[in-house]
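Engineer: How does the following fold in three dimensions:
(one chain, ligands or ions: 2)
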Amino acid sequence: MNSKPIALITGATSGIGKACAELLATNNFQLILTGRRTERLVELKQNLEKQFAIKVLILTLDVRNREAVELAFSSLPKEWQSIDVLINNAGLAMGLSSIENGNIDHWDTMIDTNLKGLLYVTKNVVPYMIEHKKGHIVNVGSIAGKEVYANGNVYCATKHAVDALNRSMRLDLSKYPIRVSAIHPGAVETEFSVVRFEGDEVRAKTVYEGFENLVATDVAEAVWFMLNRPPHVNINEMTIMPTAQPMAGVINRK
Ligand code: NDP
Ligand code: 8X3
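Structural biologist: Numbering: from 1, shown residues only. Ligands and ions are numbered 1, 2, ... in the order given. A predicted model of the protein is given here:
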């Protein structure tokens, strides 16, 4: 494999992760793309390899599965180990309920994915970055990790944890030197709300009615700005909101 930089993106089958994959492909990155939906990964690999002179490695992976994450990265082919960029993007919200009405299975899924999954992947990828004395981790947080909104409770808690980990990782890893950044978006129309409302596409659509939401490429472009700074510059975090959403939970709809 030639010496193009390598980026690993979790949750590349949809939304922000997929948009980051496409943008990095146009910028000559080789890509390791992960997600649970293999068919989508295969299709994305085929499209990107056809369009760009890059190689794409796909790993079907549930980030909640600690053993599977360990196995996937311990058996990573040598030519893919020199990872320059890790985008910790895989994540989800489930449900939107006042705390007393919350569904504990939803809570477990959000904590296992957004928090523990991010940790499992990071723990298994950072040794490669330390070995190669380079790396940039971008953690996908949320405005829900900076503020809270009604009924967002556990999702907000997981994203506040991502915010704390982003700052802690930077403190721990800058000595190697590994850069660590977070992107905190407001409302982006992806499959996020369909997942949150367990496949209810009609309800999901109402989240984005009456205002201009962000789209996944808006977020990918902001991520690219962070990645594309010279090595001595670390953008610690960026918050990116629709103009119509001045804060979490507040949207000016027409
Ligand atoms: P999507 O639902 O469109 O994409 C989520 C991605 O995460 C999919 O590729 C999905 O892949 C992957 N994923 C979910 N669970 C797992 C899992 N257990 N193991 C591996 N991959 C998983 O939503 P977004 O693109 O909007 O979300 C991406 C990130 O952005 C999330 O962390 C989300 O919290 C965050 N975010 C989203 C905002 C929004 O308004 N949309 C705003 C702020 C932050 P698959 O199902 O194939 O496994
Ligand atoms: C999701 C952000 O504002 O749509 O992470 O709840 S918001």
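Engineer: Just give me how far the longest helix seen in the chain sits from the chain centre.
Structural biologist: For the chain, the longest helix by residue count, based on DSSP state H, is helix 153-173. The chain centre lies 13 Å from the centre of helix 153-173; the measure is CA atoms, centre = their mean, to the nearest Å.
Engineer: now stretch 50-64
Structural biologist: 15 Å.
Engineer: what do you get for stretch 118-127?
Structural biologist: That offset, for stretch 118-127, works out to 13 Å (CA atoms, centre = their mean).
Engineer: ok, and what's touching that stretch?
Structural biologist: 8, 10, 63-64, 66, 69-70, 72-74, 83, 86, 88, 90-91, 135, 137, 139, 162, 165, 169, 173, 178 (CB atoms under 8 Å, 6 or more residues apart in numbering). All C-beta spots, glycine's among them, are computed from the backbone N, C-alpha and C.
Engineer: tell me which parts of the stretch 151-254 of the chain are close to ligand 2?
Structural biologist: The stretch 151-254 of the chain has residues G186, A187, A248 near ligand 2, with proximity defined as CB under 6 Å from any ligand atom.
Engineer: hmm, back to that, could you say what helices and strands the next helix or strand after the longest helix of the chain packs with?
Structural biologist: Downstream of helix 153-173, the first helix or strand assigned by DSSP states H and E is strand 179-185. The contact analysis (3 or more CB pairs under 8 Å, 6 or more residues apart in numbering; DSSP states H and E) places strand 179-185 against strand 136-140, helix 153-173, helix 216-227, strand 237-240.
Engineer: In TSV: those, plus mean neighbour count.
Structural biologist: Shown next, in TSV, are these (neighbours: other CB atoms under 10 Å):
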stretch	mean neighbour count
strand 136-140	26
helix 153-173	19
helix 216-227	19
strand 237-240	17
